[in-house]
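**Student:** build me a model:
(chains A, B, C and D)
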There are 2 protein chains.
Amino acid sequence: MNELHVLTTGEAARYCGVNFRTVIRWIERGQLKAYKLPGRGDHRICVEDFVGFLRDNAMPVPNELAAASRKVLMLASDPELTAGGRQALQQVGCEVDVASDSFIAGTLIAGCKPALLVLDANLAGVNGFQILDHLRSRSEYANVRILVVAPAGERDQQRWLDGGADALVLQAGDRTELSAKAKLLLEM
Amino acid sequence: MNELHVLTTGEAARYCGVNFRTVIRWIERGQLKAYKLPGRGDHRICVEDFVGFLRDNAMPVPNELAAASRKVLMLASDPELTAGGRQALQQVGCEVDVASDSFIAGTLIAGCKPALLVLDANLAGVNGFQILDHLRSRSEYANVRILVVAPAGERDQQRWLDGGADALVLQAGDRTELSAKAKLLLEM
DNA sequence: GATATAGTTGACAGGTAAGTCAGGTTACAT
DNA sequence: ATGTAACCTGACTTACCTGTCAACTATATC
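**Tutor:** Prediction:
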């Protein structure tokens, strides 16, 4: 049985040094995802959502919650990229999952709630723009950062950024560039 | 592993991250359906009632309990199949979601926790075997039933079943056959 | 620099659900 | 048949909810 880790408004408030009333207002405004208990209407916040919210607002992430903010999912199949990327990301402290199939990537992004998605734009049979579009149109993925690996001659780089990508690296580039940008996006 | 049909208050409490005393109060207030054992007055909660309660209150549903519902996810794009299938499934009491993209389907299977996946084997660009393989290799999807819609001349029918599909209907077949098999699978 | 305005946060109080603890009993596994 | 873990109840404590209001902050305007 999985013990799900959730926070009360009071705990969340203490973590970020504000009044609990303020946390409730964030929730009411839809900026912080939470669900309610049936009784008094107590709010419960999943740690992943809370950490995502903190990252989104450049607020410090408490050490004991930091693990939830180092998860990275890579959707790619090119072995050079998956192996090299994984290694580079691990070296900067990330916990890396790799999926070469978009269905599998979908299950992982919803199930493991990674903080960052590394998306290979060259992946055959996968419409990266559609994925971006889906993620950006859903509030539950608002906190997921997206780093696109684009082909060298890509003329659509601006399109990726317009479509919701947070950053972009070139397929041909050094893998340390990838991990550096990832680190930046995770604000670690 | 014997299947759980009922939960104790302690188990329910752990599933939703509250104290067992709180669960008992939900039951006393009539918000959560349960019955009592004659002896000490132990409460027992049917999983379907519990899952319904969780869904009603927008609380997260644990993977291993999600099978106790009538939610169906269909991964298909053929309009004839999606429309006809949806209608047939709704007629036997299912709650149906349809996705035509495999990434989106992945996010939905992890996010909405359907009890049944209807998978169109003809879908272009999607490797159904890979999906089956992934779902069957992960314990959190062990209880998700899978119904494959195979092309008429499919000679690989046994391969689908070997790969983990619970049942199979022909693309050309009647939609009532699909809903009948779905119903059967949901009652397991 | 001073002032006005809008938006956000903190403080307080009254009500109530949720958590804790202790003592007793049953359910279940062996 | 027996031992133990888990559940029950009741009383008590803690902490969250709502509403309101005052104080603070940021921004714009003069």
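**Student:** get me the contact residues on chain A for DNA strand C.
**Tutor:** Residues of chain A lying near DNA strand C by C-beta under 7 Å from any atom of the strand: A:18-19, A:21-22, A:25-26, A:37-40, A:42. (Glycine included, C-beta is placed from N, CA and C.)
**Student:** so how do I select the buried members of those residues in PyMOL?
**Tutor:** Those of the residues of chain A next to DNA strand C that count as buried under 16 or more other C-beta atoms under 10 Å in any protein chain shown are selected in PyMOL with:
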select buried, chain A and resi 26+37+38
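**Student:** report the two of the residues of chain A next to DNA strand C separated the most.
**Tutor:** A:Val18 and A:Pro38 (26.3 Å; C-beta to C-beta).
**Student:** got the domain boundaries for chain A?
**Tutor:** Domain segmentation of chain A under automatic domain parsing yields A:6-67, A:70-186.
**Student:** adding mean pLDDT, write those out as a markdown table.
**Tutor:** Listed next are the domains of chain A as a markdown table, based on pLDDT from 0 to 100:
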| stretch | mean pLDDT |
| --- | --- |
| domain A:6-67 | 90 |
| domain A:70-186 | 90 |
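**Student:** count of residues packed around A:Phe129?
**Tutor:** A:Phe129 has 16 neighbours, counted by other C-beta atoms under 10 Å in any protein chain shown.
**Student:** tell me if I'm right that it and A:Ala165 touch.
**Tutor:** No: contact criterion C-beta atoms under 8 Å: A:Phe129 and A:Ala165 do not qualify, at 9.8 Å.
**Student:** and the closest residue to DNA strand C within chain A, what helix or strand is that in?
**Tutor:** With C-beta to the nearest atom of the strand, the shortest gap between chain A and DNA strand C falls at A:Gly39, namely 2.4 Å. Counting by DSSP states H and E, no helix or strand carries A:Gly39.
**Student:** contacting residues around it?
**Tutor:** Residues counted as contacts of A:Gly39 (C-beta atoms under 8 Å, 6 or more residues apart in numbering or on different chains) are B:22, B:25-26, B:29, B:31.
**Student:** now for the closest residue to A:Gly164 other than its chain neighbours, how many residues are close by?
**Tutor:** Of all residues beyond its chain neighbours, the one nearest A:Gly164 is A:Arg136 (3.8 Å), with distances taken as C-beta to C-beta, 6 or more residues apart in numbering or on different chains. Using other C-beta under 10 Å, A:Arg136 has 15 other residues around it.
**Student:** ok, now A:Leu185?
**Tutor:** A:Leu185: 18 neighbours (other C-beta under 10 Å).
**Student:** list the contacts of the host helix or strand of it.
**Tutor:** Using DSSP H and E, A:Leu185 maps to helix A:175-186. With C-beta under 8 Å, 6+ apart as the test, helix A:175-186 has contacts from A:55, A:69-70, A:72, A:84-85, A:87-89, A:91-94, A:115-116, A:118, A:145, A:147, A:149, A:166-167, A:169-170.
**Student:** just the buried members of the residues you listed?
**Tutor:** Buried by 16+ other C-beta under 10 Å: A:55, A:69-70, A:72, A:84-85, A:88-89, A:92, A:94, A:115-116, A:118, A:145, A:147, A:149, A:166-167, A:169, out of the contacts of helix A:175-186.
**Student:** my read: A:Asp56 touches A:Ala142, true?
**Tutor:** Yes: judged on C-beta under 8 Å, A:Asp56 makes contact with A:Ala142 at a distance of 7.2 Å.
**Student:** for the closest residue to chain B within chain A, which non-adjacent residue is spatially closest?
**Tutor:** Using C-beta to the nearest C-beta, the closest approach of chain A to chain B is made by A:Gly106 at 2.0 Å. Leaving aside its sequence neighbours, A:Gly106 sits nearest to B:Gly106 (C-beta to C-beta, 6+ apart; 2.0 Å).
**Student:** re the thing from before, let's see which of the contacts of helix A:175-186 end up in strands.
**Tutor:** A:72, A:116, A:118, A:145, A:147, A:149, A:167, A:169-170 (DSSP state E).
**Student:** okay, these in CSV with distance to DNA strand D next?
**Tutor:** Shown next, in CSV, are the ones in strands among the contacts of helix A:175-186 (distance: C-beta to the nearest atom of the strand, whole Å):
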residue, distance to DNA strand D
A:Val72, 32
A:Leu116, 28
A:Val118, 33
A:Arg145, 24
A:Leu147, 29
A:Val149, 35
A:Ala167, 25
A:Val169, 32
A:Leu170, 35
